[in-house]
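Engineer: here is a sequence together with a model predicted from it:
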Amino acid sequence: MKIKTILVGVIILILFSNLFPASAEVVISQVEPEMEYPGMEADFDRLQISPGYENLQLEPGESKTTTFKVKNTGDEAVTTDVTIEIPPFSEFFMEKDWITVNPLSVTIESGESREFEVTVDVPEGTDRGYYSAQIAFTNETFPTPYPSPYPNYINAAQLSVDVWVQPVIQILSPYINDQIEAGKTYSYDIKLKNTGDDPVEINPEMDSSNRYFEYGPYGMVEPPISDEDISITSPTTVNPGETVSVNIEINVPQDAKGYYNGAINLNIDDPSINEWEGQVQLNFQIWKQPTEPYVKTFNIEKDSPVTIDIISDIYDYSPESGSSSEDEPSFDVTIHGPDASGPGDIKPTKIVIGGSVDLGSERFPPWEVESEGLYQETRTQYIETYTLDAAAGDWTLSIMPYHTSRFDYSIQIGE
Amino acid sequence: MKKFVPFLLFSFLIISGCITSGSNNRPDWVHQVNWEGDISEDAKIETLLWEQVTPYRSTEYDMVNISTSRSGDAVSIRVKAGSSQSPYQDIYDFSYQNGILVMTGYLLEAIPATDKIKALDIVFSQGEEIRQAITQSRSEPTVKRILPQTSEKFYKPKTLLSVTWQDVQVSALVDVDSYTVVEIWNGDENT
């Protein structure tokens, strides 16, 4: 008897647990603003559709059902007549039979709401891409002065389906961001992993199609690194389960300056990878190690302690960027007093790593306002402090920077 | 027969998904959850959290830390979620009072590198205005996920990505689905 009771209890528990399944879906309840049509008589049915836009991400062969809530905000009952319309202006076109709507026709009384279940079935073999459709709940359209090739329905919701396929080739270092020095050679490895069951061919090559150019007063500025300065060594095939390296060697010209951006198209023979996903972006800030130090002269009226701060920003390149910039900024500093006297080479008495953490005081884009109140490090600095007791007279400070293309300094005279 | 009953019960539990789904209607894309602070693990709050805490597209959260602090009747909740697919975290702030959970802020940067590249690619390929502006930048851009309730104020109620060069006060709001830059901010105004 006890066992039977336990069994019945468990079955009831199971039934109820499935009423509230774990779900990754987030329903953003939104209320579409009631539309106004100035100068027009409102002689059409008024339906409020929520959500007005739905985006689904599905793999070929997958199916998903989503719910649209339709409220009749008009004074009279409305009988729906659901129509699926495929916009003619798109790279990929959905077939109407991908979408099933239930119910198709139902009468919604004034002030009442009904839910419509929309099921999207993506057929096997569908190409990867973005597909869209309009789900019109009545056949009323906005009036247009000219015949329109595509009816603009009044009571409609937009449906977008992102058909995707898990890429067989994973690019483990999809971009390279670095600070590089003119006249030196740098080597980077782009790692590719084949997670599939078949060999995949690759053929990496430089691709300038997406390159953006800098413009100077006399037009476009030539990039500081040409394709000839970049050599690529790569296998032609990535076997199943294998991780291979595509090596990029960059010979930075002696006279290179400024900023470079480019891309390597890996030409991966994998239809699940879009054109831009098969590229590795290259972004380089080029600097040149100066041969002469920066020299600053200053005068001290009376014997005083002097404190010199030299400040440089530290760039925290993200881990996936393939950066080679492991060296942090540093400086060689010499200082000479009146008649070339003085300590000469001096070492910092203090090194400070500083930063700026913002909780929203700095200006952020309006769409990032929700991050106010959360810590965001906007700047990291490296500061070397030098101190000495200086005699009155003219002094010369020499600063030789390393691994940085910019620094600030301050000279504090007196306590 | 008596020996068979526990096996039958266990099988029922497995089939129903009670064990695989975890407690608190915990979604499949959450692998581990830690609670700390003034409130110990609370099933009701956690169920409400999973209605608003979601990873970016196909990513999964390997670790979710829920920290709580009570102030009177209200509870402040901070959720930090990390994924092996990104070195960055998603951070959500909530306030919970009288059974109602309200999101009070978010900073969502747990975006796979490939998606970040895709967003950058869209900006680079379409935003001539931005290309000019960021030549002055000396920092890497941040890429943050913008939730539909924020996006609808600027475009449509859908997930967008914000690509920002903070040092030069330039940002692009990107719709990855339609491969477009839908809004640009240059520190002064939107365009």
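Structural biologist: Arrived safely, thanks for sending.
Engineer: show me what contacts A:Tyr150?
Structural biologist: A:Glu85, A:Pro87, A:Pro88, A:Phe89 (C-beta atoms under 8 Å, 6 or more residues apart in numbering or on different chains). The way it works is simple: take the backbone N, C-alpha and C, and place the C-beta from them, glycine included.
Engineer: typo on my end, it should be B:Tyr106
Structural biologist: B:Tyr106 is in contact with A:Glu370, A:Ser371, A:Leu374, B:Asp90, B:Ile91, B:Tyr92, B:Asp93, B:Leu147, counting by C-beta under 8 Å, 6+ apart.
Engineer: which is the next helix or strand following the helix or strand hosting A:Thr297?
Structural biologist: Using DSSP states H and E, A:Thr297 falls within strand A:294-300. For strand A:294-300, the following helix or strand on the C-terminal side (DSSP H and E) is strand A:304-314.
Engineer: what helices or strands is that next one leaning on?
Structural biologist: If you count contacts as 3 or more C-beta pairs under 8 Å, 6 or more residues apart in numbering or on different chains; DSSP states H and E, strand A:304-314 packs onto strand A:330-336, strand A:376-390, strand A:393-402, strand A:408-413.
Engineer: would the shortest one count as contacting chain B?
Structural biologist: No: with C-beta under 8 Å from any C-beta of the partner chain as the threshold, strand A:408-413 lies outside contact range of chain B, at a closest distance of 13.0 Å.
Engineer: low-scoring pLDDT stretches of chain B, where are they?
Structural biologist: B:1-24, B:126-128, B:131-132, B:135-136, B:138-139, B:188-191 (pLDDT under 70).
Engineer: same thing but 50
Structural biologist: Judged against pLDDT under 50, the low-scoring parts of chain B cover residues B:1-22.
Engineer: domain parsing for it?
Structural biologist: What automatic domain parsing lists as the domains of chain B is B:22-108, B:113-185.
Engineer: check chain A too.
Structural biologist: Split by automatic domain parsing, chain A gives A:25-163, A:169-287, A:294-413.
Engineer: how about those in JSON lines, adding distance to B:Lys80?
Structural biologist: Shown next, in JSON lines, are the domains of chain A (distance: least, C-beta to C-beta, whole Å):
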{"stretch": "domain A:25-163", "distance to B:Lys80": "18"}
{"stretch": "domain A:169-287", "distance to B:Lys80": "25"}
{"stretch": "domain A:294-413", "distance to B:Lys80": "10"}
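Engineer: for B:Val168, which of those domains is the nearest?
Structural biologist: Proximity to B:Val168 (C-beta to C-beta) singles out domain A:294-413 among the domains of chain A, at 11.6 Å.
Engineer: avg pLDDT for that closest one?
Structural biologist: Mean pLDDT, domain A:294-413: 82.
Engineer: ok, and the closest non-adjacent residue to A:Gln125?
Structural biologist: For the record, residue A:125 is Gly, not Gln. Take A:Gly125 and drop its neighbours on the chain: the residue closest to it by C-beta to C-beta, 6 or more residues apart in numbering or on different chains is A:Pro60, 6.0 Å away.
Engineer: chain B versus that neighbour, what's the distance?
Structural biologist: 15 Å (C-beta to the nearest C-beta, to the nearest Å).
Engineer: repeat for A:Ile273
Structural biologist: On the measure of C-beta to the nearest C-beta, A:Ile273 and chain B end up 9 Å apart.
Engineer: which SS class is residue 115?
Structural biologist: Picking chain A for this. strand (DSSP: H, G, I helix; E, B strand; the rest coil).
Engineer: was after chain B, sorry
Structural biologist: B:Asp115 - assigned by three-state DSSP - is helix.
Engineer: name the stretch among the domains of chain B that sits most buried.
Structural biologist: Mean neighbour count (mean count of other C-beta atoms under 10 Å in any protein chain shown) peaks for domain B:113-185 among these, with a mean of 20.
Engineer: and it, how far apart are its ends?
Structural biologist: 23 Å (C-alpha to C-alpha, to the nearest Å).
Engineer: quick one on the thing from earlier: for A:Thr349, state which of the contacts of B:Tyr106 is nearest.
Structural biologist: Closest approach between the contacts of B:Tyr106 and A:Thr349, by C-beta to C-beta: A:Leu374, at 36.0 Å.
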